[in-house]
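Q: Pasting the sequence and the predicted coordinates here, then a few questions.
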Amino acid sequence: TNKKDDMKWTLDNFDIGKALGKGKFGNVYLAREKSSGFIVALKVLFKTQILKANVEHQLKREIEIQTHLRHPNIVRMFGYFHDDARVYMILEYAPKQLYKELQAQENQRFSEVRAALYIKQLTEALIYCHDKNIIHRDIKPENLLLTKAGDLKIADFGWSVHTRDSKRMTLCGTLDYLPPEMVSGNSHDKSVDVWSVGVLLYEILVGKPPFEAPTYEETYKRILNAQYIFPQHVAPLARDLISRLLRVKPETRLPLQEVLLHDWIKIHTNLLK
Ligand SMILES: O=C(O)Cn1ncc2ncnc(NCCc3cnc(NC(=O)Nc4cccc(Cl)c4)s3)c21
């Protein structure tokens, strides 16, 4: 690795700014690296919380994976360090959170052009991860950020960590984004990410997730049977793509490479991008 990569960072290297997000294990702060003036997001995690939740090994795996990923649609982890009480992740700063952007929309949904750009970029990032045998397993609006230019970045590297700092995590955790094989406790492979692309696509076009129900048990049942309906405003091509992703049988879900070739994506994305 070059000098920068094995740099020994400490808190003294940074001026700390406003809190960007608050979570169970600690907060994320805007920060500036003093010598370069470079702006980053500094995620602070309390060791006591990590140990209490018994997620130390998951954090180590996440850092190991994340420091080796380089993709325009994945938030970079430039490094990490720790002191006696906290672990710090030095992350690429992306100013907007997709779930907040979604909530700010009229009817809480994006246009087909905006939705197709996000799905295309998410799919490209997941293809990159899958090629490195990394399954994300936790794709949902809270884990997706947007750059100033409006490009999507996967921000969450707890690929298999569910006890994560998610904002919409209700007391017992939101099932909404989990595929049948995960809610039923069966084994799962990278096609779990394909399912969650389908859930995300449905939510950003409709304004709520496909299997949302008043009770946990009802959501569970609807996921197991891939039971969802489309409001009449959802266009036929979008319905076609979603129906090829939200399949109970993992092997029948559309491969991610074919998501990029689907007419709904091609028609609604700027082919030059
Ligand atoms: O989104 C926000 O709330 C605030 N925000 N706003 C702008 C912005 N720009 C960049 N990053 C942000 N947030 C950090 C995103 C993360 C990346 N990687 C993570 N990993 C993690 O939390 N791991 C982890 C946690 C607890 C236990 C264990 Cl085992 C692992 S969180 C930003």
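A: Yep, that arrived.
Q: okay, CA-based contacts and neighbour counts for the rest of this
A: Fine.
Q: The helix or strand harbouring residue 15 - what's its average pLDDT?
A: Taking DSSP states H and E as the definition, residue 15 sits inside strand 14-22. Averaging pLDDT along strand 14-22 gives 95.
Q: That one - contacts with which helices or strands?
A: strand 27-33 (3 or more Cα pairs under 8 Å, 6 or more residues apart in numbering; DSSP states H and E).
Q: Strand partners (parallel or antiparallel) of the strand it packs on?
A: Using DSSP bridges, the strands paired with strand 27-33 in its sheet are strand 14-22 (antiparallel), strand 39-46 (antiparallel).
Q: measure residue 127 to the ligand for me?
A: Noted for residue 127: a distance of 19 Å to the ligand, by Cα to the nearest ligand atom, to the nearest Å.
Q: Can you classify that residue by secondary structure?
A: Look at residue 127: counting by DSSP: H, G, I helix; E, B strand; the rest coil, its state is helix.
Q: what about the helices in the stretch 151-273 of the chain?
A: In the stretch 151-273 of the chain, the helices defined using DSSP state H, counting those that start in this stretch lie at 180-183, 191-206, 216-224, 236-245, 256-261, 263-268.
Q: ok, back up a step: only alpha carbons, please: show the strand holding residue 15 as CSV.
A: The C-alpha coordinates for strand 14-22 follow below in CSV (Å, rounded to 0.1, in the frame of the first residue of the first chain):
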residue,chain,number,x,y,z
PHE,A,14,-9.3,16.7,12.1
ASP,A,15,-11.4,19.7,12.8
ILE,A,16,-14.9,18.4,13.8
GLY,A,17,-18.0,20.1,12.4
LYS,A,18,-21.8,19.5,12.7
ALA,A,19,-23.4,16.1,13.4
LEU,A,20,-24.6,14.7,10.1
GLY,A,21,-26.5,11.7,11.5
LYS,A,22,-27.1,10.1,14.9
